[in-house]
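Engineer: the sequence and its predicted three-dimensional model are supplied below.
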Amino acid sequence: CEPFDIPPEWEKFMVFDWGYSRPWAAFWYAGDFDGVLYLYREYYGAKDYKDWISGKTKSADWNKGLRQTNTEICRDIINIETEKINYRVADPACWAPTKLRGSNKNFGPSFIEDARNEGLFFLKADNDRLRGKQQVHERFKTEEITDDSTGEIVDEYARFQGFTSCKRWWAEMQSLYEDPKNPEDVDTDQPDEGYDCTRYACMSRPIIPKRHTKERKGTFQSERKRLIRAKEFAKRHGLSLAAAYSRVR
């Protein structure tokens, strides 16, 4: 969708995927009262990202990060994030201690500790890759609205919408491919920071399948609905009511 001003009453949250040699990424989402998720801002800590977005370069090395310290990353996020955020979600790897340069034994503070010192607080993302991929697929489906009396689809709307201004996310998601050794997941050697953040976002607001209760046949209510569907079917196809009644359930 085209960018618009997010209503202040919508819930906003941020999702973060850490990176040093490879890019880090931060995404901002909003949820409306119908359960639709909107991606309204992206930022990649990647080489050439700013030049690519501004049109100064047509190609960029998307697998190269900026090698920023945790504090530098946090301050970049603080400069970008000017609105009130309800919560933030981060890659579980952010809770791991950081190896100090030149040593395999000593450990420094984790990203989460450094972020806390800068006034940024995060919830740990659910990193179940299989269920996360399923939630992404579920979120990218359209929600169908059916007529209770006829059972026909009368309207539909997207469960997920991304602003057109999130250019790198669109480019990444359209070129994403599955792992040839594990088709249940994406290939993690490709640029996948946007996908990971989308997966974390979907897992933080999962879609719960609606329960469908099977109506008992032969009851007055079920026969009444069948008769209504038969009348609609007969009208659309030019059939007698008896013929239409035998063709609907």
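Structural biologist: Thanks, I have it.

Engineer: just give me the neighbour total for the closest residue to residue 24 other than its chain neighbours.
Structural biologist: Excluding the flanking residues, the one nearest residue 24 by Cβ to Cβ, 6 or more residues apart in numbering is residue 45, at 4.0 Å. C-beta: built from backbone N, CA, C; applies to glycine. Using other Cβ atoms under 10 Å, residue 45 is surrounded by 23 other residues.

Engineer: OK, contacts around the most centrally placed residue in the chain?
Structural biologist: Nearest to the geometric centre of the chain sits residue 198, at 3.7 Å (Cα atoms, centre = their mean). By Cβ atoms under 8 Å, 6 or more residues apart in numbering, the contact list for residue 198 reads 15, 27, 39, 136, 169, 173.

Engineer: out of the residues you listed, what pair is the most spread apart?
Structural biologist: Farthest-apart pair in the contacts of residue 198 is 15 and 173; separation 14.4 Å (Cβ to Cβ).

Engineer: those two: who's more crowded?
Structural biologist: More neighbours surround residue 15 than the other of residue 15 and residue 173, with 28 against 16 (other Cβ under 10 Å).

Engineer: who's in contact with that one?
Structural biologist: Counting by Cβ under 8 Å, 6+ apart, residue 15 touches 26-29, 88-90, 125, 197-198, 200-201, 204.

Engineer: Throw those residues into JSON lines and include distance to residue 80 and pLDDT, thanks.
Structural biologist: Formatted as JSON lines, the contacts of residue 15 follow (distance: Cβ to Cβ, whole Å; pLDDT from 0 to 100):
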{"residue": "26", "distance to residue 80": "7", "pLDDT": "97"}
{"residue": "27", "distance to residue 80": "11", "pLDDT": "98"}
{"residue": "28", "distance to residue 80": "8", "pLDDT": "98"}
{"residue": "29", "distance to residue 80": "14", "pLDDT": "98"}
{"residue": "88", "distance to residue 80": "13", "pLDDT": "97"}
{"residue": "89", "distance to residue 80": "16", "pLDDT": "97"}
{"residue": "90", "distance to residue 80": "15", "pLDDT": "97"}
{"residue": "125", "distance to residue 80": "19", "pLDDT": "96"}
{"residue": "197", "distance to residue 80": "14", "pLDDT": "96"}
{"residue": "198", "distance to residue 80": "18", "pLDDT": "96"}
{"residue": "200", "distance to residue 80": "18", "pLDDT": "97"}
{"residue": "201", "distance to residue 80": "17", "pLDDT": "97"}
{"residue": "204", "distance to residue 80": "20", "pLDDT": "95"}
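
Engineer: what is the subsequent helix or strand relative to the helix or strand of the chain with the lowest mean pLDDT?
Structural biologist: When each helix and strand of the chain is scored by mean pLDDT, DSSP states H and E, strand 98-99 comes last, with a mean of 71. Next helix or strand after strand 98-99 toward the C-terminus (DSSP states H and E): strand 107-108.

Engineer: give the next helix or strand downstream of that following strand.
Structural biologist: Going down the chain from strand 107-108, the next helix or strand is helix 111-117, by DSSP H and E.

Engineer: any idea which element the residue nearest to the centre of the chain lies in?
Structural biologist: helix 193-204.

Engineer: same check on residue 42?
Structural biologist: Residue 42 belongs to strand 37-45, assigned by DSSP H and E.

Engineer: rounded mean pLDDT for stretch 157-168, please.
Structural biologist: Averaged across stretch 157-168, the pLDDT comes to 94.

Engineer: let's have the chain start at 164 instead
Structural biologist: Got it, the first residue is 164 from now on, which makes the last one we talked about stretch 320-331.

Engineer: in it, what counts as buried?
Structural biologist: 322, 323, 325, 326, 329, 331 (16 or more other Cβ atoms under 10 Å).
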